[in-house]
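Peer 1: Prediction below, plus the sequence it came from.
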Amino acid sequence: MLNYIELLKPRLSATVLFSSLAGYILASEYLDIQILFKLMLGGMFLVGSSNGLNQVYEVNVDSLMDRTKNRPLPTKKITLNSAFIFSLILGFSGIFILSMINFRCAFFGALSCLIYVVGYTPLKTNTPISGFIGAFPGAMPFMLGWVAVSNQFSLETGILFAIQFLWQFPHFWSIAWIRYKDYKKANIQLLPSGYRDHQSAFQIVFYTFWLIPISISPILLDYLLIESSIDLSIVGAISIFLLGLFFLQKALILLKTKSVVDAKKLMICSLIYLPVLQIIYIIDKFI
């Protein structure tokens, strides 16, 4: 059983579920336990399915890298057929559970899984564009929580999607920078230029920079008299702005030094940035 749990990548799943929870809280006026339970369970199943199918496809690739060679499939603790069937059952179960909330929730959840498995996974060993493709399913969870409540794709879901979409690039490219040599063993190309160079570091800075105005866009929309259901106070906007500047500083340092040490600092900062931003949004809603 522990091997099947490992197949689901529980730490990554927890991050995804927290984003969905944050989106749900931002959209809801009151806590509906039934909807929240279905969102968490369906989301957990779909993320687990995506991770499992990813590992089934990449079993030979995983066996080449130090980071992944001890996973259940390369070590044959689970057979490929068992992992494939288990992951498919999880995926269809997740879609069904999300469909009990609303159709759009199930649609975006299924689309996320499909893009991750059929788009991002096979492209990882062929082109750096895989990172851009992978950012789409990675950006779904935050907006999925909102869709679970609103049952519509709107300006608000677009903002939540854009925040997590842009965040993907400094987060995953910093990881790719750190694990460059390990990824190279398996011919995985995630850095935008394919190398730990100025071009890759510049693109990390570029996406991190644009994350700042997008993350405070609700208050900017207020000044433009564009109505949005996401409210952000001046205090909340300043807090998120300063958080973004701190994140950008780490990216600029990597641009200057191009060192693995600074890539690790950026990666750690990215892990802090997203949940803190989401918590600020939530706190700001209730004060």
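Peer 2: That came through fine.
Peer 1: where does the residue nearest to residue 241 when sequence neighbours are not counted land on pLDDT?
Peer 2: Nearest residue to residue 241, sequence neighbours excluded (CB to CB, 6 or more residues apart in numbering): residue 216, at 5.6 Å. C-betas here are computed from N, CA, C, even on glycine. Confidence at residue 216, expressed as pLDDT, is 95.
Peer 1: now swap in residue 225 and tell me
Peer 2: Residue 225 is given a pLDDT of 66.
Peer 1: From the contact counts, what lies against whichever strand or helix holds residue 243?
Peer 2: Following DSSP states H and E, one finds residue 243 within helix 234-257. Judged by 3 or more CB pairs under 8 Å, 6 or more residues apart in numbering; DSSP states H and E, the packing partners of helix 234-257 are helix 155-178, helix 198-215, helix 217-223, helix 260-286.
Peer 1: could you redo the last one with a cut-off of 7 Å?
Peer 2: Here helix 234-257 touches helix 198-215, helix 260-286, going by 3 or more CB pairs under 7 Å, 6 or more residues apart in numbering; DSSP states H and E.
Peer 1: what's the closest of those to residue 232?
Peer 2: Nearest to residue 232 among those is helix 260-286 (5.9 Å), distances taken as CB to CB.
Peer 1: Would you map out the domains in the protein?
Peer 2: With domains defined by automatic domain parsing, the chain comprises 1-152, 154-287.
Peer 1: Need those domains in JSON lines (columns: mean neighbour count).
Peer 2: Shown next, in JSON lines, are the domains of the chain (neighbours: other CB atoms under 10 Å):
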{"stretch": "domain 1-152", "mean neighbour count": "19"}
{"stretch": "domain 154-287", "mean neighbour count": "18"}
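Peer 1: Please work out the angle formed by the directions of the helix or strand where residue 131 lies and helix 198-215.
Peer 2: Assigned by DSSP H and E, residue 131 belongs to helix 130-138. If you take axes from the mean of the first three to the mean of the last three CA atoms, to 10 degrees, helix 130-138 sits at 20 degrees to helix 198-215.
Peer 1: pLDDT on whatever helix or strand comes next after helix 130-138, on average?
Peer 2: Using DSSP H and E, the helix or strand that follows helix 130-138 towards the C-terminus is helix 140-150. In this model, helix 140-150 has a mean pLDDT of 93.
Peer 1: Repeat that for stretch 232-242.
Peer 2: Average pLDDT, stretch 232-242: 95.
Peer 1: Need the contact partners of that stretch.
Peer 2: 212, 215, 216, 218, 219, 277, 280, 284 (CB atoms under 7 Å, 6 or more residues apart in numbering).
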